[in-house]
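Trainee: sequence first, then the predicted structure, then my questions.
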Amino acid sequence: MMVREEISTALAKWTMSLQKVLARAAEKSLSVCISNYIICASCKQSS
């Protein structure tokens, strides 16, 4: 019984950390995407 609880706790912690990592990666890629879009839009306007 205890082993199962330990596994589920470890799995829950791992899932939480994975979600945090994915959220950070998504934020980074989103900000890069937005900045690239802004640069691209300003380039199109100037030409």
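Mentor: That came through, no problem.
Trainee: what is the helix or strand where Lys20 lies packed up against?
Mentor: Assigning secondary structure by DSSP states H and E places Lys20 in helix 2-46. For helix 2-46, the contact count by 3 or more C-beta pairs under 8 Å, 6 or more residues apart in numbering; DSSP states H and E identifies no helix or strand as a packing neighbour. Backbone N, C-alpha and C define where each C-beta goes, glycine included.
Trainee: where does pLDDT dip in this structure?
Mentor: 1, 47 (pLDDT under 70).
Trainee: if you set the cut-off to 50 instead, what comes out?
Mentor: By pLDDT under 50, the chain contains no weakly predicted segment.
Trainee: got the buried residues for stretch 23-34?
Mentor: Residues of stretch 23-34 classed as buried by neighbour count (16 or more other C-beta atoms under 10 Å): none.
Trainee: gap between that stretch and the chain center?
Mentor: Distance of stretch 23-34 from the chain centroid (C-alpha atoms, centre = their mean, to the nearest Å) equals 7 Å.
Trainee: then that stretch to PDB, C-alphas only?
Mentor: What follows is stretch 23-34, C-alpha atoms only, in PDB (Å, rounded to 0.1, in the frame of the first residue of the first chain):
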ATOM      1  CA  ALA A  23       4.400  26.400 -19.500                       C
ATOM      2  CA  ARG A  24       7.800  28.200 -19.400                       C
ATOM      3  CA  ALA A  25       8.800  26.800 -22.800                       C
ATOM      4  CA  ALA A  26       5.400  27.900 -24.200                       C
ATOM      5  CA  GLU A  27       5.800  31.400 -22.800                       C
ATOM      6  CA  LYS A  28       9.300  31.700 -24.300                       C
ATOM      7  CA  SER A  29       8.200  30.400 -27.700                       C
ATOM      8  CA  LEU A  30       5.100  32.600 -27.700                       C
ATOM      9  CA  SER A  31       7.100  35.800 -26.800                       C
ATOM     10  CA  VAL A  32       9.600  35.000 -29.600                       C
ATOM     11  CA  CYS A  33       6.800  34.400 -32.000                       C
ATOM     12  CA  ILE A  34       5.100  37.700 -31.100                       C
END
